[in-house]
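**Student:** The sequence isn't on hand, but the structure is:
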């Protein structure tokens with residue numbers, strides 16, 4: 001796709017435009033992240049917000065940001081999630097993120113478990 005993302009486009013169009021803009025390993029990583037999220041939660045809601053892809057289910061799950069040297073997947077409530085596989089590389093007071101650099105291998109099973117845990121956390125918060 002030879003166009004930059006614009007506000008009126010669908011998520012799929014915006015996502016594909018971003019992949020086209022990147023045109024390198026980051027596009028492959030971001031595309032894999034999206035595929036794993038959709039495998040973990042076929043009902044996930046995809047939105048384009050803050051000029052980045054956002055995934056939701058009963059609230060914000062995570063975002064997919066791209067930088068020159070890495071792809072960052074930020075979990076909105078990451079600090080409240082167990083991470084037995086040690087995927088998180090960035091620690092905040094509420095959020096935590098996974099930074100993926102060229103050549104990094106994302107543990108699909110552990111990543112999908114984090115997505116499912118984030119969904120469970122959102123659903124439990126929504127019931128309160």
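**Tutor:** Yep, it's here. Please read all numbers here as calculations on a predicted model, not as lab measurements.
**Student:** now the helices for this structure?
**Tutor:** All helices of the chain, identified by DSSP state H, fall at 11-22, 25-40, 108-127.
**Student:** ok, the lowest-mean-pLDDT helix or strand in the chain: who's next to it in the sheet?
**Tutor:** Of the helices and strands making up the chain, the lowest-confidence element is strand 90-91, at a mean of 92, by mean pLDDT, DSSP states H and E. Each strand paired with strand 90-91, and its direction, by DSSP bridges: strand 96-101 (antiparallel).
**Student:** how distant is the strand it pairs with from the center of its chain?
**Tutor:** Distance of strand 96-101 from the chain centroid (C-alpha atoms, centre = their mean, to the nearest Å) equals 10 Å.
**Student:** Same check on stretch 75-94?
**Tutor:** With C-alpha atoms, centre = their mean, you get 13 Å for stretch 75-94.
**Student:** For that stretch, report the contacting residues that lie outside it.
**Tutor:** Residues outside stretch 75-94 that contact it (C-beta atoms under 8 Å, 6 or more residues apart in numbering) are 59-63, 72, 74, 95-99, 106-107, 110-111, 113-114, 117-118, 121-122. C-beta here means a position set from N, CA and C on the backbone, and glycine is covered the same way.
**Student:** Tell me which of the helices of the chain approaches residue 48 most closely.
**Tutor:** Nearest of the helices of the chain to residue 48, taken as C-beta to C-beta: helix 11-22 at 4.4 Å.
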